[in-house]
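Colleague: With the input below, show me the fold.
(one chain, ligands or ions: 1)
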Amino acid sequence: MGEKADSDLVRRQNRFLLLAALRLNGPMARVELGRHTGLSPASITSISSQLIADGILEEVEDHHAPALPMRRGRPLTQLDINPKSAHVVAVKISIDGVELALADSRGAVVSRRVLRTSTYDSDPDDFGQFVASEIAALLARQRLSSRRVARIGIAVQGVADSQAGTVVWSPAFRTRNIAVAGVIQSRLGIACTLANDANMIAEGLISTDRTRYSGTTAVVFMGYGVGMGLIIDGKVYHGPTGAAAEFGHMNHLPGGPLCRCGRRGCVEAYAADYSILRWASGEAETQPPSFTAIPEDRMLVLEEAAHRGEADATQAYAKAGEALGYGLARLIAILSLQRIVLAGPGTRAIALIEPHLHRAIEEGVVDELRRNVEIEVVPIHTDMIIKGTIDGALRQVDREVFAYGPPARRHAVLEKIA
Ligand SMILES: [Zn+2]
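Modeller: Numbering: from 1, shown residues only. Below you'll find the model as predicted:
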């Protein structure tokens, strides 16, 4: 029994290794796969034929190979993930919006839907069912049975309890502890996980460039809120329940401006869009923040004013940069960060924020600790939350479905969804 269990484990590990190498590097010839995984040519041949027979991999022609008219025998083929082997759904929940994306098993988005809805006023008891119905409608439009969807990943703004599948607290909702993942899972019969949105940006970065993000990196989301995904030794650190790295609600100044979380002086109360706008408009710090999304136009007007040098606007961005910088300086000191990634729509104003952020880091931590920290900005047009949620879901499918055997392959008969 022991030997059988061992060989099953080795087989699963090898299948996963091969899939992980293809996810990271794209299509590869068998020889290259051997080099990337360290597996013998015989193992690569046997594992890849199993995966092809299971419909998980397919052979593709190498379009980048130089034309060799003299080459004899079989054309040069590469292995790649079969895009039809399974699908995943990514859901992004943020203040005033729910976004859904259906992706194939290579991670390409097949269909997308953006819903503007007042999440704050929604009935917390019905919210999970509402999202489940929207997913069902998305699948129905694509004439895709729910059996062909291997996993649903949900990214939520705020504090998420990944184990319980609940939104512990989010500015998107009036009430706390909203059950989401379990409701969707039992309604649609598809495995469903829920995580913090900034953690999903970190997942997306790791799958884009595992070498670059192999060390200790803090990913800061700037925009409708301030969030963080923390990569420690190349892995996203979720903490025991998934609520780790709540950088936005770390205190910057005791008794400072009122935050959406109800406390005062959080980093977010200086650096989120609503905080920058409140500061620039000269509103009182104790003014309760609005719980609706700030339209992009209003932020664009404010950015222009700051670029023109209007004092209230430039000061508001300076305050944001300071709060972020001092907070990051503390993290550099504690974690010996190697890299800081700034992401999200708030980075559009990075030129206004960055000098103050740098100055605060310089002031906040000794030179020896900050000298090797690299700061980079992820282009704002990339929707890293959706990408990271898809990548994270596919990694789970590789580990929990594809590593074991063929996915449940049934004909795409549209299921009757209640
Ligand atoms: Zn807060």
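
Colleague: does Arg113 sit in a helix, a strand or a coil?
Modeller: Using DSSP: H, G, I helix; E, B strand; the rest coil, the three-state assignment for Arg113 comes out as strand.

Colleague: Quick one: name the residues of the stretch 101-250 of the chain near the ion.
Modeller: Residues of the stretch 101-250 of the chain lying near the ion by C-beta under 5 Å from the ion: His249. Every C-beta, even on glycine, is put in place using the N, C-alpha and C of the backbone.

Colleague: how deep is the residue in the stretch 101-250 of the chain that the ion sits nearest to tucked in, by neighbour count?
Modeller: Ranked by C-beta to the ion, the top residue of the stretch 101-250 of the chain for proximity to the ion is His249, at 3.7 Å. By other C-beta atoms under 10 Å, the residues close to His249 number 21.

Colleague: so what's it closest to, chain neighbours aside?
Modeller: Cys266 (4.7 Å; C-beta to C-beta, 6 or more residues apart in numbering).

Colleague: List the residues that contact the one you found.
Modeller: By C-beta atoms under 8 Å, 6 or more residues apart in numbering, the contact set of Cys266 is 248-252, 256, 259.

Colleague: Please name the bridge partners of it.
Modeller: Beta-bridge pairing for Cys266 (DSSP bridges): Asn251.

Colleague: roughly how far apart are it and Gln396?
Modeller: As judged by C-beta to C-beta, to the nearest Å, Cys266 and Gln396 stand 32 Å apart.

Colleague: The residue nearest to His249 and Ala132, how far apart?
Modeller: As judged by C-beta to C-beta, Cys266 and Ala132 stand 33 Å apart.

Colleague: and the closest residue to the ion within the stretch 1-150 of the chain, how many neighbours does it have?
Modeller: Closest contact between the stretch 1-150 of the chain and the ion, by C-beta to the ion, is at Ile95 (13.8 Å). Ile95: 23 surrounding residues under other C-beta under 10 Å.

Colleague: Check which helix or strand the closest residue to Ser122 other than its chain neighbours maps to.
Modeller: Residue nearest to Ser122 in three dimensions, not counting chain neighbours: Phe130, with 6.9 Å by C-beta to C-beta, 6+ apart. Assigned by DSSP states H and E, Phe130 falls within helix 127-141.

Colleague: Which parts of the stretch 201-350 of the chain are helices?
Modeller: Secondary structure of the stretch 201-350 of the chain (DSSP state H, counting those that start in this stretch): helices at 268-271, 273-280, 296-307, 311-335, 350-364.

Colleague: For the second one, what is the distance to the chain centroid?
Modeller: So that's helix 273-280. Centroid separation for helix 273-280 versus its chain: 26 Å, with C-alpha atoms, centre = their mean, to the nearest Å.

Colleague: if we can go back for a sec, next up, phi/psi of the residue of the stretch 1-150 of the chain closest to the ion, please.
Modeller: Backbone torsions of Ile95, given as degrees, to the nearest 10, read phi -60, psi 120.

Colleague: Tell me, domain by domain, which residues of this structure belong where.
Modeller: Following automatic domain parsing, one gets these domains for the chain: 2-81, 87-200+384-402, 210-377.

Colleague: Single out the most deeply packed of these.
Modeller: domain 87-200+384-402 (a mean of 21; mean count of other C-beta atoms under 10 Å).

Colleague: Lowest-scoring secondary structure element of the chain by mean pLDDT?
Modeller: Here the helix or strand of the chain ranked lowest by mean pLDDT, DSSP states H and E is helix 367-370, holding a mean of 87.

Colleague: quick one: it to chain centroid distance?
Modeller: On C-alpha atoms, centre = their mean, the centre of helix 367-370 falls 29 Å from the chain's centre.

Colleague: One more: stretch 116-123?
Modeller: From the chain centre to the centre of stretch 116-123 is a distance of 22 Å (C-alpha atoms, centre = their mean).

Colleague: Stretch 80-97 too?
Modeller: Counting by C-alpha atoms, centre = their mean, stretch 80-97 comes out at 11 Å from the chain centroid.

Colleague: in the stretch 101-250 of the chain, what spans have low per-residue confidence?
Modeller: Within the stretch 101-250 of the chain, not a single segment meets pLDDT under 70.

Colleague: can you pull out the strands in it?
Modeller: Assigned by DSSP state E, counting those that start in this stretch, the strands in the stretch 101-250 of the chain fall at 109-116, 149-156, 159-161, 166-169, 178-179, 192-196, 217-222, 226-232, 235-236.

Colleague: Of the helices of the stretch 201-350 of the chain, give the one that comes closest to Val149.
Modeller: With C-beta to C-beta, the closest approach to Val149 among the helices of the stretch 201-350 of the chain belongs to helix 296-307: 31.9 Å.

Colleague: Output that closest one as CSV - backbone C-alpha positions only.
Modeller: Extracted C-alpha coordinates of helix 296-307, given in CSV (Å, rounded to 0.1, in the frame of the first residue of the first chain):
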residue,chain,number,x,y,z
GLU,A,296,-12.5,58.7,-12.5
ASP,A,297,-13.3,62.1,-14.0
ARG,A,298,-13.2,63.7,-10.6
MET,A,299,-9.7,62.3,-9.9
LEU,A,300,-8.5,63.4,-13.4
VAL,A,301,-9.6,67.0,-12.6
LEU,A,302,-7.8,66.9,-9.3
GLU,A,303,-4.6,65.4,-10.9
GLU,A,304,-4.6,68.2,-13.5
ALA,A,305,-5.0,70.8,-10.7
ALA,A,306,-2.0,69.3,-8.9
HIS,A,307,0.1,69.3,-12.1
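
Colleague: which helices and strands sit right next to it?
Modeller: Counting contacts by 3 or more C-beta pairs under 8 Å, 6 or more residues apart in numbering; DSSP states H and E, helix 296-307 packs against helix 273-280, helix 311-335, helix 350-364.

Colleague: What are the contacting residues of it?
Modeller: Residues from elsewhere that reach helix 296-307 (C-beta under 8 Å, 6+ apart): 273, 276-277, 280, 312-314, 316-317, 345, 348-349, 351-352.
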